[in-house]
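**Student:** sequence unknown, structure follows:
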């Protein structure tokens, strides 16, 4: 049974909410929007003192020295019953009336972060507007196929970890090829039987895009990337027993990290 967050749990940190109240909706005539830049952030060693996760790793603009974080997949990790998948097929996040304190949205993800690997940056000096498709590149070692989930989050000064975007990829589907259609320059995976790759006793890079974002991260907030091997509220696990073990590599010849679509801020 999935533990539901208290009804009093806010959807956003107070600092972020104040920023959103001052920002009107905006529109664009093309996608990707013009004027944006790609900012690359790299995973690194911790601790940062910002998370009770398995590793409490760092996220920064400089490529760090080589390191690695071992992780035994926690199959209880979940983003809750009111995530975007549940909303699409009529989950409790949509069907319960707002008067009961439920609505489409995510709880404080810090609880889920504690069960995975986190990479957290320094507080932002200025507000950061993200518009586009983030791309995660993560090097892993594993003795069996694994699912890798990546969550992009904004962590407020109060520790509230707010959902921004997510993506996932099974390690055996990591092969990349030229897309047969316009794919916005993102990694494209054929996913056919002849394209499957094992990782057993090898090092492999998983490169995949996250859901597109259009959001403002408040000054003082931190960016965080959380990696897990499951999301029990919305994805069936690959049926491995015992839970798989992986090692995330970073720095040196293995530049694991995230590419962010920045429209303004963050300079």
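**Tutor:** Structure's in. What do you need? In this text the structure is predicted, and so the values were computed from the model without any measurement.

**Student:** Mean pLDDT per helix and strand in this structure: which one sits at the bottom?
**Tutor:** For the chain, counting by mean pLDDT, DSSP states H and E, helix 92-95 ranks last in confidence among helices and strands (a mean of 44).

**Student:** what sits against the nearest residue to residue 159 once chain neighbours are set aside?
**Tutor:** Counting by Cβ to Cβ, 6 or more residues apart in numbering, residue 159 lies nearest to residue 110, which is 6.1 Å off, once chain neighbours are set aside. Where C-beta positions appear, they are placed from N, C-alpha and C, glycine not excepted. Contacts here follow Cβ atoms under 8 Å, 6 or more residues apart in numbering; on that basis residue 110 touches 51, 52, 155, 159, 160, 161.

**Student:** Mind picking the two most distant members of those residues?
**Tutor:** The largest separation in the contacts of residue 110, counting by Cβ to Cβ, is between 52 and 160 at 14.2 Å.

**Student:** and these two? which has more neighbours close in?
**Tutor:** Each of residue 52 and residue 160 has its neighbours counted (other Cβ atoms under 10 Å); residue 160 has more, 22 against 11.

**Student:** Surely that one touches residue 107?
**Tutor:** No - Residue 160 is beyond contact range of residue 107, at 9.6 Å (criterion: Cβ atoms under 8 Å).

**Student:** I'd like the distance between the residue most central in space within the chain and residue 116.
**Tutor:** In the chain, the residue lying closest to the centroid (Cα atoms, centre = their mean) is residue 151, at 1.4 Å. To residue 116, residue 151 is 8 Å away according to Cβ to Cβ, to the nearest Å.

**Student:** Report the set of residues contacting both of these two.
**Tutor:** With Cβ under 8 Å, 6+ apart as the test, residue 151 and residue 116 both reach 226, 227, 228.

**Student:** Which ones among those map onto strands?
**Tutor:** Under the assignment DSSP state E, those contribute 226, 227, 228 to strands.

**Student:** Check the burial of the closest residue to the second one other than its chain neighbours by counting its neighbours.
**Tutor:** In space, and not counting its chain neighbours, residue 227 is closest to residue 117: 4.5 Å by Cβ to Cβ, 6+ apart. Around residue 117 sit 25 other residues, with neighbours defined as other Cβ under 10 Å.

**Student:** again, but for residue 255
**Tutor:** Residues lying near residue 255 (other Cβ under 10 Å) number 17.

**Student:** pLDDT score for it?
**Tutor:** Note for residue 255: predicted pLDDT of 96.

**Student:** how deep is residue 62 tucked in, by neighbour count?
**Tutor:** Residue 62 has 8 neighbours, counted by other Cβ under 10 Å.

**Student:** There's contact between it and residue 42 in this structure, I believe.
**Tutor:** Yes - under the criterion of Cβ under 8 Å, residue 62 makes contact with residue 42 at 6.9 Å.

**Student:** how near is residue 241 to residue 169?
**Tutor:** Between residue 241 and residue 169 the distance is 22 Å, computed by Cβ to Cβ.

**Student:** Now do the contacts for residue 213.
**Tutor:** Shown in contact with residue 213 (Cβ under 8 Å, 6+ apart): 130, 131, 132, 133, 134, 152, 164, 165, 261.

**Student:** All good on my end, thank you.
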